[in-house]
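K.L.:
Sequence first, predicted coordinates after that:
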Amino acid sequence: MLDLVTATTGKGSSGGNGSGDAGGTSPGKYKTISAVKEELDPGMLDRFEALRAYLMALGDDVQETTLRFYIAFKRIKNFACVEFRPSTSKILMFVKVDPASVDLEEGFTRDVSKVGHFGTGDLEITLSSASDLERAMPLIERSYEAS
């Protein structure tokens with residue numbers, strides 16, 4: 001409940017070291033999500049906007065938060081985290097669905113429960129085309145309902 005009281009709707013950022021996104025890269029080897037988003041081609045931007053619209057339409061309680069390396073969508077807890085891979089034209093989404101309960105498909109879903117990644121969730125969904133969003137909808141809804 002405290003998360004709901006202190007939550008802000010819309011886009012935010014994680015404080016970090018106060019350097020912001022100047023220069024577009026973090027002190028380490030990773031670019032910030034804002035810098036990566038600026039590099040997206042129009043097709044990836046369209047796919048992300050369709051995904052974002054779908055996630056936000058799941059309920060009035062959905063909040064979007066832009067963190068340093070990913071974009072989180074949550075109710076009380078995160079149910080989907082989004083990252084971009086512009087070099088391969090892929091959008092990666094991590095959802096809180098038990099990978100053992102899903103028939104994993106090569107190139108679409110992957111068990112990341114033992115793999116380090118930003119965001120939360122043990123199931124990675126790769127959105128390479130517009131049709132992948134429709135295939136991912138049941139998994140997204142399961143994660144949303146569980147959060």
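P.N.:
Looks like it arrived, so ask away.
K.L.:
Check the gap between residue 122 and residue 82 for me.
P.N.:
16 Å (C-beta to C-beta, to the nearest Å). C-betas here are computed from N, CA, C, even on glycine.
K.L.:
More neighbours: those two, which one.
P.N.:
Using other C-beta atoms under 10 Å as the criterion, residue 122 and residue 82 rank with residue 82 on top: 23 against 18.
K.L.:
Quick check: the more buried one is in a helix.
P.N.:
No: read with DSSP: H, G, I helix; E, B strand; the rest coil, residue 82 is strand and lies in no helix.
K.L.:
Let me know whether it touches residue 67 as I believe.
P.N.:
No: in this structure, residue 82 is not within contact of residue 67 by C-beta atoms under 8 Å, at 10.4 Å.
K.L.:
Tell me the helices and strands packed up against the strand or helix carrying residue 138.
P.N.:
Using DSSP states H and E, residue 138 maps to helix 130-146. Under the contact criterion of 3 or more C-beta pairs under 8 Å, 6 or more residues apart in numbering; DSSP states H and E, helix 130-146 touches helix 42-57, strand 78-85, strand 90-95, strand 123-127.
K.L.:
how about these, which one is nearest residue 137?
P.N.:
Set against residue 137 and scored by C-beta to C-beta, those come closest in helix 42-57, at 7.1 Å.
K.L.:
can you list contacts of that closest one?
P.N.:
By C-beta atoms under 8 Å, 6 or more residues apart in numbering, the residues outside helix 42-57 that reach it are 40, 62, 64, 73, 80, 82, 84, 86, 89, 91, 93, 127, 129-130, 133, 137, 140.
K.L.:
what about burial for those residues, which qualify?
P.N.:
40, 62, 64, 73, 80, 82, 84, 91, 93, 127, 133, 140 (16 or more other C-beta atoms under 10 Å).
K.L.:
residues in contact with the one residue sitting closest to the centre of the chain?
P.N.:
Central residue of the chain (C-alpha atoms, centre = their mean): residue 82, 1.5 Å from the mean position. For residue 82, the contact set (C-beta under 8 Å, 6+ apart) comprises 48, 51, 70, 71, 72, 73, 91, 92, 93, 94, 119.
K.L.:
if we go to 6 Å?
P.N.:
For residue 82, the contacting residues are 71, 93, by C-beta atoms under 6 Å, 6 or more residues apart in numbering.
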